[in-house]
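Participant: My questions concern the predicted model and sequence given below.
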Amino acid sequence: MAALTFSPNLATWAIAALATLGVIVRPFSWPEAIWAVAGALALVLFGLLPAGTAWEGVLKGTDVYLFLVGMMLMSEVARKEGLFDWLAGIAVRTARGSATRLFTLVYLVGTVVTVFLSNDACAVVLTPAVYAATRAAKVENPLPYLFICAFIANAASFVLPISNPANLVVFAEHMPPLTRWLALFGLPSLLAILATYLVLRLTQNGILRRQTVATAVETATLSRTGIVAGLGIVATGAVLIGASALGRDLGLPTFVAGLATTLIVLALRRGSGAVEVAKDVSWSVLPLVAGLFVLVEALEKTGVLAMIADALKQAATAAPAET
């Protein structure tokens, strides 16, 4: 009986598909990074991708790694200094006992955090702050407000290139200038944010009408280090918008800004909390992204990405509306 043979391209596609599925589904509750790295290693071990080419793929993500480290440091410092809890507390006080007004305010805060700090910061950092705020406001059912953190992290993730780290992976070396980006994604992003708000309000309105929100809510005063963390975020947002407008890479400015903000806060705390910040940063996202870059590199070598791009281009020419 003749031995079964497999096309190298088919094997590459299969490994990439299985690794991606593992990242999405997370079998056995293993972290996403394990599946991405395992897929990348499998491609090299089975001889489907030379080790040198895989390393080139890893190096292509340098700008993304710098961006992620800077953002994670800044987000973690802001969380530890109570900035997000403080913002959520302001939203509760401003709501003045109205559950629907609180819903809108939390939605606005979530939008701002997603746009300028990335959707990861909104989903991972703002969610516990919103939950703590709703508990302090004696809200019986916090789910409508927690849904905001999950959904706006998606809806607002294309407002700016920095709003979603995946944007940096997808566009990589071909990131459009900020003016071009806003021309392409500004209106669709606005419509996505509004549509998400309307759908969430419609689906959660029954719960919100029955909710009561306390008006006398005790909120902690923002510390000096919390103010520094907030100023660091604002300054970083301005720097990134400027860099994006000039068509510059975003990784190094983000890393420098995030590291500077972290060091200033730690200096004001006289070094206290450095270990906790380093420990609580989600470093596993770096091997995850590196593995994904290797998978993309392998797919690109098979020509499948170019084939898909050509097919989309032909379809867009033949039937723009349907495509």
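Facilitator: The structure has been received and is ready for your questions.

Participant: Quick one: classify Phe263 as helix, strand or coil.
Facilitator: Careful, residue 263 is Leu and not Phe. Secondary structure, DSSP: H, G, I helix; E, B strand; the rest coil: Leu263 is helix.

Participant: should've said Gly271
Facilitator: coil.

Participant: tell me the phi and psi of it?
Facilitator: phi 80, psi -10 (degrees, to the nearest 10).

Participant: By mean pLDDT, flag the weakest helix or strand of this structure.
Facilitator: helix 165-171 (a mean of 71; mean pLDDT, DSSP states H and E).

Participant: after it, next one along is what?
Facilitator: Using DSSP states H and E, the next helix or strand after helix 165-171 towards the C-terminus is helix 178-210.

Participant: Who are the packing partners of that following helix?
Facilitator: If contacts are counted by 3 or more Cβ pairs under 8 Å, 6 or more residues apart in numbering; DSSP states H and E, helix 178-210 sits against helix 99-117, helix 143-155, helix 224-245. To be clear about C-beta, it is placed using only N, CA and C from the backbone, and glycine gets the same treatment.

Participant: what about Leu45, how many residues close to it?
Facilitator: When counting by other Cβ atoms under 10 Å, one arrives at 10 neighbours for Leu45.

Participant: Distance-wise, check it relative to Ala99.
Facilitator: Noted for Leu45: a distance of 55 Å to Ala99, by Cβ to Cβ, to the nearest Å.

Participant: same question, Val285
Facilitator: 35 Å.

Participant: which of the two has more neighbours?
Facilitator: Ala99 (23 against 20).

Participant: and the more buried one, what does it touch?
Facilitator: 139, 208-209, 211-213 (Cβ atoms under 8 Å, 6 or more residues apart in numbering).

Participant: 7 Å - rerun?
Facilitator: Counting by Cβ atoms under 7 Å, 6 or more residues apart in numbering, Ala99 touches 208, 211, 213.

Participant: next one: Ser157
Facilitator: By Cβ under 7 Å, 6+ apart, the contact set of Ser157 is 114, 119, 163-164.

Participant: Reformat the residues you listed as JSON lines; add distance to Leu21.
Facilitator: Formatted as JSON lines, the contacts of Ser157 follow (distance: Cβ to Cβ, whole Å):
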{"residue": "Thr114", "distance to Leu21": "26"}
{"residue": "Asn119", "distance to Leu21": "22"}
{"residue": "Ser163", "distance to Leu21": "26"}
{"residue": "Asn164", "distance to Leu21": "21"}
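
Participant: Let me know the closest of those to Ala155.
Facilitator: Set against Ala155, the nearest of the contacts of Ser157 by Cβ to Cβ is Thr114 (8.0 Å).

Participant: isn't the closest one right next to Phe151, touching?
Facilitator: No - Thr114 is not in contact with Phe151 according to Cβ atoms under 7 Å; the separation is 10.2 Å.

Participant: And those two? Which one has more around it.
Facilitator: Per other Cβ under 10 Å, whichever of Thr114 and Phe151 has more neighbours is Thr114, with 29 against 20.

Participant: got any ranges where the stretch 101-250 of the chain has weak pLDDT?
Facilitator: For the stretch 101-250 of the chain, the stretches with pLDDT under 70 are 124, 168-169, 172-173, 216-220, 244-245, 247.

Participant: give me the number of residues near Val170?
Facilitator: Per other Cβ under 10 Å, the neighbour tally for Val170 reads 12.

Participant: Nice, that's everything, thank you.
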